[in-house]
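Q: Give me the fold of what follows.
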Amino acid sequence: LDQTVLRSKVCKLTARAALRQFFKFRETNRCNAIESRRE
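A: Residues are numbered from 1 along each chain as shown. Here you go, the predicted model:
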């Protein structure tokens, strides 16, 4: 496998993982905000 292809694959995977983490983080924040508002 070509190095550039491999590198781009790794980049895409990393970006996707980071995006997933970001969204999970945002969802958690929203849940926490709703919870704290309820009190």
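Q: Give the burial count for residue 36, as a bare number.
A: 8 (other Cβ atoms under 10 Å). No exception for glycine: its C-beta is placed from N, CA and C like everyone else's.
Q: quick one: contacts for it?
A: Residue 36 is in contact with no residue at all, counting by Cβ atoms under 8 Å, 6 or more residues apart in numbering.
Q: tell me which residues in the helix or strand where it lies are buried?
A: Here residue 36, judged by DSSP states H and E, is contained in helix 3-38. For helix 3-38, burial by neighbour count (16 or more other Cβ atoms under 10 Å) applies to no residue.
Q: average model confidence for that helix?
A: For helix 3-38, the mean pLDDT works out to 91.
Q: Could you shift the numbering so residue one becomes 40, and keep it that way?
A: New numbering, starting at 40: the last item is helix 42-77.
Q: Return the distance of it from the chain's centre.
A: 1 Å (Cα atoms, centre = their mean, to the nearest Å).
Q: Next, work out how far apart the residue of the chain most remote from its centre and residue 69 are.
A: Of all residues in the chain, residue 78 has its C-alpha farthest from the mean position, at 28.9 Å, by Cα atoms, centre = their mean. Look at residue 78 and residue 69: by Cβ to Cβ, to the nearest Å, they are 16 Å apart.
Q: do the same with residue 59
A: The value you get for residue 59 to residue 69, if Cβ to Cβ is used, is 16 Å.
Q: again with residue 47
A: When residue 47 is compared with residue 69 (using Cβ to Cβ), they lie 33 Å apart.
Q: what do you get for residue 54?
A: 23 Å.
Q: Next: residue 55.
A: In terms of Cβ to Cβ, residue 55 sits 21 Å off from residue 69.
Q: swap in residue 41?
A: When residue 41 is compared with residue 69 (using Cβ to Cβ), they lie 42 Å apart.
Q: just residue 77 next, same as before
A: When residue 77 is compared with residue 69 (using Cβ to Cβ), they lie 13 Å apart.
Q: what does residue 50 give?
A: On the measure of Cβ to Cβ, residue 50 and residue 69 end up 29 Å apart.
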